[in-house]
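>>> give me a 3D structure for the following:
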Amino acid sequence: KNSQTEYNFERKADAVIINIGTNDYNQREKLGLDANKFASIYEEFLRTVREKNGKDCKIILVFNVMNDTFAGAINLAFKRVGGEDADYYLFKAERTTHERGNSHPSINENKKYAEKIGDFIKEVLEIQ
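Residues are numbered from 1 along each chain as shown. Got it, this is the predicted structure:
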């Protein structure tokens, strides 16, 4: 299908992984986002993801890959939507300061993230 085709959510996802707080962070001032506004908008987005994917979908929120400015807001939205009791899961990436270019993770750091996030997804989905 082409990029103009709207996804209809006929097939429900087993899991949705949302990585937030990376390059989108740079738009906060332009958009007038403070932590409270961010939390409210993120909460609304998470509820939409749940609505579109059903109650059995595991929704994994990945954050802190590049910065932690809205970490508190992400945690607040996570709690407001029901947290793990409602099948939302937090994965806080542990950033390192070495090998970074312009706060972006290096290739080595991305490999470490991929392994850790993969293990976390397996744990959430109860995959051996």
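
>>> which element follows the helix or strand bottoming out on mean pLDDT in the chain toward the C-terminus?
When each helix and strand of the chain is scored by mean pLDDT, DSSP states H and E, helix 28-31 comes last, with a mean of 78. Proceeding N to C from helix 28-31, the next assigned helix or strand is helix 35-53, under DSSP states H and E.

>>> quick one on the thing from earlier: can I get the least confident helix or strand of the chain as PDB, trimmed to CA atoms?
Only the C-alpha atoms of helix 28-31 are listed here, as PDB (Å, rounded to 0.1, in the frame of the first residue of the first chain):
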ATOM      1  CA  ARG A  28       9.000  22.000  23.100                       C
ATOM      2  CA  GLU A  29       9.500  25.800  23.100                       C
ATOM      3  CA  LYS A  30       8.200  26.300  19.600                       C
ATOM      4  CA  LEU A  31       5.000  24.400  20.600                       C
END
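
>>> and it, what's buried?
Neighbour-count burial for helix 28-31 flags Arg28 (criterion: 16 or more other Cβ atoms under 10 Å). (Each C-beta comes from the backbone N, C-alpha and C, glycine too.)

>>> residues in contact with it?
The contact list for helix 28-31 (Cβ atoms under 8 Å, 6 or more residues apart in numbering) reads 34, 38, 69-70.

>>> reformat those as CSV; add neighbour count, distance to Leu76 and pLDDT.
Shown next, in CSV, are those (neighbours: other Cβ atoms under 10 Å; distance: Cβ to Cβ, whole Å; pLDDT from 0 to 100):
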residue, neighbour count, distance to Leu76, pLDDT
Asp34, 11, 12, 87
Phe38, 23, 9, 88
Thr69, 15, 13, 79
Phe70, 23, 9, 86
